[in-house]
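> sequence? don't have it. structure:
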């Protein structure tokens, strides 16, 4: 599946924003991401209406009230 018409936040070359981007999903993986004009052809496309796509962000902190390691929760 090819997600098109995205604003894509990327960490390539520091932080950047690709204004007219696409993301190719292959099964459960991101197979390609970049400017829509460079997207692989022949994919079923989904228009995302100009929405922002960001990398998966993980907030891996804990609070002292938990008193230790919370790794088992994940």
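Structure received. Being a predicted model, the structure only gives us computed values, none of them experimental.
> Quick one: end-to-end distance for stretch 29-40.
15 Å (C-alpha to C-alpha, to the nearest Å).
> And for it, what's in contact with it?
With C-beta atoms under 8 Å, 6 or more residues apart in numbering as the test, stretch 29-40 has contacts from 2, 4-6, 8, 10, 18, 20-25. Where you see a C-beta, it was placed from the backbone N, CA and C, and this is true even at glycine.
> try 10 Å
Applying C-beta atoms under 10 Å, 6 or more residues apart in numbering, the set of residues contacting stretch 29-40 from outside is 1-6, 8, 10, 12, 18-26, 43, 45, 53, 55-56.
> residues near residue 52, how many?
Counted with other C-beta atoms under 10 Å, the neighbours of residue 52 add up to 11.
> For residue 44, see how far away the closest residue to it other than its chain neighbours is.
Closest residue to residue 52 apart from its sequence neighbours, by C-beta to C-beta, 6 or more residues apart in numbering: residue 7 at 4.7 Å. Distance, residue 7 to residue 44, by C-beta to C-beta, to the nearest Å: 21 Å.
> Please apply the same query to residue 65.
For residue 65 relative to residue 44 (C-beta to C-beta), the value is 47 Å.
> As a check, name the ranges of all strands in this structure.
Taking DSSP state E as the test, the strands found in the chain are 2-10, 16-26, 29-35, 45-47, 52-53.
> Now render these as CSV, adding distance to residue 72 and mean pLDDT.
Shown next, in CSV, are those (distance: least, C-beta to C-beta, whole Å; pLDDT from 0 to 100):
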stretch, distance to residue 72, mean pLDDT
strand 2-10, 32, 94
strand 16-26, 31, 93
strand 29-35, 27, 92
strand 45-47, 37, 95
strand 52-53, 31, 92
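> Need the winner for burial among those.
Among the strands of the chain, the stretch with the highest mean neighbour count (mean count of other C-beta atoms under 10 Å) is strand 2-10, at a mean of 18.
> and the angle for it with strand 16-26?
140 degrees (axes from the mean of the first three to the mean of the last three C-alpha atoms, to 10 degrees).
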